[in-house]
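Engineer: next input, structure requested:
(chains A and B)
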Amino acid sequence: DGGITQSPKYLFRKEGQNVTLSCEQNLNHDAMYWYRQDPGQGLRLIYYSQIVNDFQKGDIAEGYSVSREKKESFPLTVTSAQKNPTAFYLCASNPGQDSNQPQHFGDGTRLSIL
Amino acid sequence: GESVGLHLPTLSVQEGDNSIINCAYSNSASDYFIWYKQESGKGPQFIIDIRSNMDKRQGQRVTVLLNKTVKHLSLQIAATQPGDSAVYFCAESSESGATNKLIFGTGTLLAVQP
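Structural biologist: Predicted coordinates:
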């Protein structure tokens, strides 16, 4: 089945630690996105990538980093500079900016602080 | 399971009734709108989308209505079923013609009573 796979489902971070969330898609989509979801708030865009080896900051990029070395993979690193990392992280993809296709999401990673 | 939102507006309906979920958007220049369904602990699932050159679009048991004059979007679900219980939220594109920069609403919790 084609889709977006996020792992792990649950992740715990210690003080001062960087953690990396995985997002893999086998939909052959060019564009991939990372969002953060907090209770009672809408999804907020962290980073997005329209094509391999290129990415742009979203609205809340501080404390996060990404890479896009392969079309199917868009890992997100939550760095120690992110002081409030506890949230539900969602990865999405779509064929691309000019595709007129909606974004489709993975099932998320829930990050908590130890 | 985890809650995807606390203190969300809640719509409670009886099984078999029709549901109407509303969304007000902010940007009069937005020209693409999407409805998503999110079940507890899962990622958002695409339901239906609509472009601003349309007032209405129908899918299977769902209809989206767009009123550009008052910047209002609604999702109608016919013959609501227990499996429809979830958080529903709308998203608008912040750049004309682009599906990569979406602004998400906070969501409405639909509770279907058997």
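Engineer: what sits against the residue nearest the centre of chain A?
Structural biologist: By C-alpha atoms, centre = their mean, chain A has its centre lying nearest to A:Trp34, at 2.9 Å. By C-beta atoms under 8 Å, 6 or more residues apart in numbering or on different chains, the contact list for A:Trp34 reads A:21, A:23, A:45-48, A:58, A:64, A:66, A:74, A:76, A:89-92. For the C-beta atoms, the positions are set from N, CA and C on the backbone; glycine is no exception.
Engineer: among the residues you listed, which ones lie close to chain B?
Structural biologist: A:Leu45, A:Tyr48, A:Leu90, A:Ala92 (C-beta under 8 Å from any C-beta of the partner chain).
Engineer: was I right about B:Phe104 contacting B:Val87?
Structural biologist: No - the criterion here is C-beta atoms under 8 Å, and B:Phe104 misses it with B:Val87 at 11.2 Å.
Engineer: between these two, who's got more neighbours?
Structural biologist: Taking other C-beta atoms under 10 Å in any protein chain shown, B:Phe104 and B:Val87 do not tie; B:Val87 has more neighbours (22 against 19).
Engineer: show me what contacts that one?
Structural biologist: With C-beta under 8 Å, 6+ apart, B:Val87 has these contacts: B:Val4, B:Gly5, B:Leu8, B:Lys37, B:Gln38, B:Glu39, B:Gly107, B:Thr108, B:Leu109, B:Leu110.
Engineer: for the last one, grab the count of nearby residues.
Structural biologist: Applying other C-beta under 10 Å, we find 22 other residues in the vicinity of B:Leu110.
Engineer: what's the closest non-adjacent residue to it?
Structural biologist: B:Leu11 (5.2 Å; C-beta to C-beta, 6 or more residues apart in numbering or on different chains).
Engineer: then that neighbour would be within a strand, right?
Structural biologist: Yes - according to DSSP: H, G, I helix; E, B strand; the rest coil, B:Leu11 belongs to a strand.
Engineer: which residues does it contact?
Structural biologist: Residues near B:Leu11 by C-beta under 8 Å, 6+ apart: B:Ser19, B:Ile20, B:Ile21, B:Thr108, B:Leu109, B:Leu110, B:Ala111.
Engineer: with A:Gly16 instead?
Structural biologist: Counting by C-beta under 8 Å, 6+ apart, A:Gly16 has contacts A:Ser80.
Engineer: quick one, strands of chain A?
Structural biologist: Read by DSSP state E, chain A holds these strands, from start to end of the chain: A:4-7, A:10-13, A:19-25, A:31-37, A:44-51, A:54-57, A:64-66, A:76-78, A:87-94, A:104-105, A:109-113.
Engineer: touching chain B at all, the last one?
Structural biologist: Yes - using C-beta under 8 Å from any C-beta as the criterion, contacts between strand A:109-113 and chain B involve A:Arg110.
Engineer: elements contacting that strand?
Structural biologist: When contacts are defined as 3 or more C-beta pairs under 8 Å, 6 or more residues apart in numbering or on different chains; DSSP states H and E, strand A:109-113 packs onto strand A:10-13, strand A:19-25, strand A:87-94.
Engineer: list the buried residues for the shortest one?
Structural biologist: Buried residues in strand A:10-13, counted by 16 or more other C-beta atoms under 10 Å in any protein chain shown: A:Leu11, A:Arg13.
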